[in-house]
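A.B. asks: what shape does this take:
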Amino acid sequence: MAERLGVSRRTVERYRSGTLTTPQKRLQAALVEETESEWQPQVRAQAREQAATSGGMMVHVVAYFGFAATGSSDDGRERHITTAISPTYVQQILQLQESGATEEELHPVVAQAVTESYFTEWGTRAQGLRADFTHVQSIDFEF
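C.D. replies: Numbering: from 1, shown residues only. Next up is the predicted model:
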């Protein structure tokens, strides 16, 4: 790390141990950048793995939802929905993202995940309901 930052190893060690508490602005900025560049990918990878295997994730969707079901009286309309989705859907979404899928290509999987978790409450109500969404304003994922 010291080599990449252009300082001595001892300078980095003093900063890490707390004996050097006010490094030069250039060094401080470089340390923050270097730490984030090494740390963030690992943290993101761990969060993605946990979400895909056991934890699931939250999805925030703003879109027009329309419905197809027998006896449905809920007309389609724009909704702002935040709901937890299962690891099964997280795996599908992450695989699509990693393969370079566009946001529009994610829509069917996200619609199915939101239908299952939000509208049918994991199969406990509204059997056979299918929710499709169009006019998507935003989709955000939170691990």
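A.B. asks: could you use CA atoms for every contact and neighbour count after this?
C.D. replies: Noted.
A.B. asks: okay, stretch 124-137 in CSV with CA atoms only?
C.D. replies: The C-alpha coordinates for stretch 124-137 follow below in CSV (Å, rounded to 0.1, in the frame of the first residue of the first chain):
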residue,chain,number,x,y,z
THR,A,124,-51.0,-16.5,1.7
ARG,A,125,-53.5,-14.4,-0.2
ALA,A,126,-54.6,-13.4,-3.7
GLN,A,127,-53.9,-16.8,-5.3
GLY,A,128,-53.2,-16.6,-9.0
LEU,A,129,-52.5,-12.8,-9.0
ARG,A,130,-50.0,-11.6,-11.5
ALA,A,131,-48.7,-8.1,-11.3
ASP,A,132,-47.0,-6.5,-14.3
PHE,A,133,-45.4,-3.1,-14.2
THR,A,134,-44.8,-0.5,-16.8
HIS,A,135,-43.7,3.1,-16.8
VAL,A,136,-41.0,2.2,-14.3
GLN,A,137,-39.6,5.4,-12.8
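A.B. asks: average pLDDT for that stretch, rounded please.
C.D. replies: Averaging pLDDT along stretch 124-137 yields 81.
A.B. asks: just stretch 25-37 next, same as before
C.D. replies: In the prediction, stretch 25-37 has an average pLDDT of 72.
A.B. asks: can you pull the buried residues of that stretch?
C.D. replies: Residues 27, 30-31 are the ones in stretch 25-37 that count as buried (16 or more other Cα atoms under 10 Å).
A.B. asks: show me the contacts for residue 138.
C.D. replies: Residues near residue 138 by Cα atoms under 8 Å, 6 or more residues apart in numbering: 60-63.
A.B. asks: please name the bridge partners of it.
C.D. replies: Under DSSP bridges, the beta-bridge partners of residue 138 are residue 62.
A.B. asks: okay if I get the contacts of residue 138 as CSV plus pLDDT and neighbour count?
C.D. replies: Formatted as CSV, those follow (pLDDT from 0 to 100; neighbours: other Cα atoms under 10 Å):
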residue, pLDDT, neighbour count
60, 94, 16
61, 93, 22
62, 93, 18
63, 91, 20
